[in-house]
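K.L.:
Next input, structure requested:
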Amino acid sequence: MTRMDSQTPVLEQFNTLLSSSEVLFIVFYRGHWCPFCQTYLTTLAQLTPSITASNGTPLIVTSEPTPQHLEATRQATGYTGSAIIDTDNVLAKEFKARGWIDVAITEKKGYAHGMAQPAVLVLKKDGTVLEKWAIVPSMMNMGGASDRPSLTQIWENTQAKLKNEKPVHGMYKKLGAMAVLKAKIFG
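P.N.:
Sure thing, here's the model as predicted:
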């Protein structure tokens, strides 16, 4: 099993979750103020029963510094699963060092060590990467807000890989600004 140095509480919490799950479905999000993140985490909440039925654990990670904002995010999205507040971006740095994923960190007022941009990483207990995606912030994706792949499709591909089957989706549908607007207006 791939293990990380567990000298920090964030790494200890991550290591515990990874070692106790057959699969860890990790979603990095920007903060409670981001409507794209709220839409994404609402989808993750809907996928949680399927993930846990596969002996998996969903995990959200944010560098947003205020714990009360995590509670606001939970209330807005219905997500009740595991969460790590990582204001120092320890996980993003460790994941990059291990070659798992490169989570973009950008400057943002109120985020002393930068803001982790959206990313998805799905790991097996042994550290095998099943799926990964990380936004590269640009003007075209509103600084990292939009153009995220469908979490449902990522989970469907993960399920196929866990069964040693061919992935269901060759390309993922993208969550853009219009989809978020529609979800906010029509629910």
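K.L.:
drop to CA atoms for contacts and neighbour counts, all remaining ones
P.N.:
Will do.
K.L.:
what's the spacing between the helix or strand where residue 16 lies and its chain's center?
P.N.:
Residue 16 is part of helix 9-19 when elements are defined by DSSP states H and E. Mean-position distance between helix 9-19 and its chain equals 15 Å (CA atoms, centre = their mean, to the nearest Å).
K.L.:
export whatever helix or strand comes next after it as CSV, just CAs?
P.N.:
Going down the chain from helix 9-19, the next helix or strand is strand 23-28, by DSSP H and E. Extracted C-alpha coordinates of strand 23-28, given in CSV (Å, rounded to 0.1, in the frame of the first residue of the first chain):
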residue,chain,number,x,y,z
VAL,A,23,-11.9,3.1,-3.1
LEU,A,24,-11.6,6.8,-2.1
PHE,A,25,-13.5,9.3,-4.3
ILE,A,26,-11.9,12.7,-3.7
VAL,A,27,-13.3,16.0,-4.9
PHE,A,28,-11.4,19.2,-4.3
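K.L.:
element containing the closest residue to residue 131 other than its chain neighbours?
P.N.:
Distances taken as CA to CA, 6 or more residues apart in numbering put residue 122 closest to residue 131, at 5.0 Å, once the chain neighbours are dropped. According to DSSP H and E, residue 122 maps onto strand 119-124.
K.L.:
For that strand, which strands pair with it and how are they oriented?
P.N.:
The pairing partners recorded for strand 119-124 under DSSP bridges are strand 23-28 (antiparallel), strand 129-134 (antiparallel).
K.L.:
list the helices and strands the helix or strand following the last one packs on?
P.N.:
So the one you mean is strand 129-134. Counting by DSSP H and E, the next helix or strand C-terminal to strand 129-134 is strand 148-149. Helices and strands touching strand 148-149, by 3 or more CA pairs under 8 Å, 6 or more residues apart in numbering; DSSP states H and E, are strand 174-175.
K.L.:
now the helix or strand hosting residue 155 against strand 23-28, angle please.
P.N.:
In the assignment (DSSP H and E), residue 155 maps to helix 151-162. On the basis of axes from the mean of the first three to the mean of the last three CA atoms, to 10 degrees, helix 151-162 is oriented at 150 degrees to strand 23-28.
K.L.:
Show me how far helix 151-162 is from its chain's centre.
P.N.:
From the chain centre to the centre of helix 151-162 is a distance of 14 Å (CA atoms, centre = their mean).
K.L.:
Equivalent analysis for stretch 107-115, please.
P.N.:
Distance, centroid of stretch 107-115 to centroid of chain: 18 Å (CA atoms, centre = their mean).
K.L.:
what's the span of it from first residue to last?
P.N.:
6 Å (CA to CA, to the nearest Å).
K.L.:
got the contact list for the strand holding residue 122?
P.N.:
With contact meaning CA atoms under 8 Å, 6 or more residues apart in numbering, strand 119-124 is reached by 18, 21-29, 100-101, 103, 129-135, 158.
K.L.:
Understood, closing this out.
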